[in-house]
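1. Prediction below, plus the sequence it came from.
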Amino acid sequence: YCHVSEIVHILLENYYVIKQPKDLSPEAIDIISQAAYFYDIGRIVIREENKYKKYSIGDLNNIPETHTIAGADFVGINSSPSVSYFVKTCADMCMHHHERYDGKGFPHGLKSSINNIYTQMVSISIEFCNHFFSEEAPGAREFHISLNSILEDSSAFRPDVIELLQNSQED
């Protein structure tokens, strides 16, 4: 989960520099990347799904859907105003990290930009990490293997998020 959070942080920093979105600040980058760490917290609630922990975005039909909803509900319990942005962001990531850009994901089948860009960053980071960190000392070769895996199933991810990942190799 640390790797996913770190990759999301890199993508967010590059997105901030390139697009300069009004809703993103350095503080928000930290909050969003910290929320990404908890994307799979629903597996604590739905323990029988833990056997599916390692998956590929192409294998979504083999993953039970309940941990996404359970994770969002679990995170949403915290109603403190001081952490509302974190809770909202984290709950969205828990709920939608298995959504695909082409609408074939779950639990809601969100299509195109309906699934927010930050959650798409989590999804692409999960897929990237599954391949990149399969080796003890990952490097440029593993980056290209991971990127090629994502490009083979590019309909799963927003094109702008794929481009961000491609441009983040050095980071």
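-> Cool, got the structure.

2. What average pLDDT does stretch 92-105 get?
-> What stretch 92-105 shows for mean pLDDT is 93.

3. in it, what counts as buried?
-> In terms of neighbour count (16 or more other C-beta atoms under 10 Å), stretch 92-105 has its buried residues at 92-101, 105. Quick note: C-beta positions are derived from backbone N, CA and C, even for glycine.

4. Mind picking the two most distant members of the residues you listed?
-> Greatest spacing in the buried residues of stretch 92-105, by C-beta to C-beta: Cys94 and Tyr101 (18.6 Å).

5. ok, now how distant is the residue nearest the centre of the chain from Ser79?
-> Residue closest to the average C-alpha location in the chain (C-alpha atoms, centre = their mean): Val122, at 1.2 Å. Using C-beta to C-beta, to the nearest Å, Val122 is found at 23 Å from Ser79.

6. for Cys129, same thing?
-> For Cys129, the distance to Ser79 equals 31 Å [C-beta to C-beta].

7. Helix or strand: which one has the closest residue to Thr89 other than its chain neighbours?
-> Nearest residue to Thr89, sequence neighbours excluded (C-beta to C-beta, 6 or more residues apart in numbering): Ala35, at 4.3 Å. For Ala35, the enclosing helix or strand under DSSP states H and E is helix 26-36.

8. tell me the pLDDT at Asp59?
-> Here, the pLDDT recorded for Asp59 equals 49.

9. low-scoring pLDDT stretches of this protein, where are they?
-> Applying pLDDT under 70 to the chain flags the ranges 47-65, 135-137.

10. Quick one: the strands in it, in order.
-> Applying DSSP state E to the chain gives no strands.

11. Identify, by residue count, the longest helix of it.
-> The helix spanning the most residues in the chain, taking DSSP state H as the definition, is helix 2-19.

12. who touches that one?
-> 21, 24, 26, 29-30, 32-34, 36-37, 39, 117-118, 121-122, 124-126, 128-129, 132-133, 161, 164-165, 167-168, 171 (C-beta atoms under 8 Å, 6 or more residues apart in numbering).

13. tilt between it and helix 26-36?
-> On the basis of axes from the mean of the first three to the mean of the last three C-alpha atoms, to 10 degrees, helix 2-19 is oriented at 150 degrees to helix 26-36.
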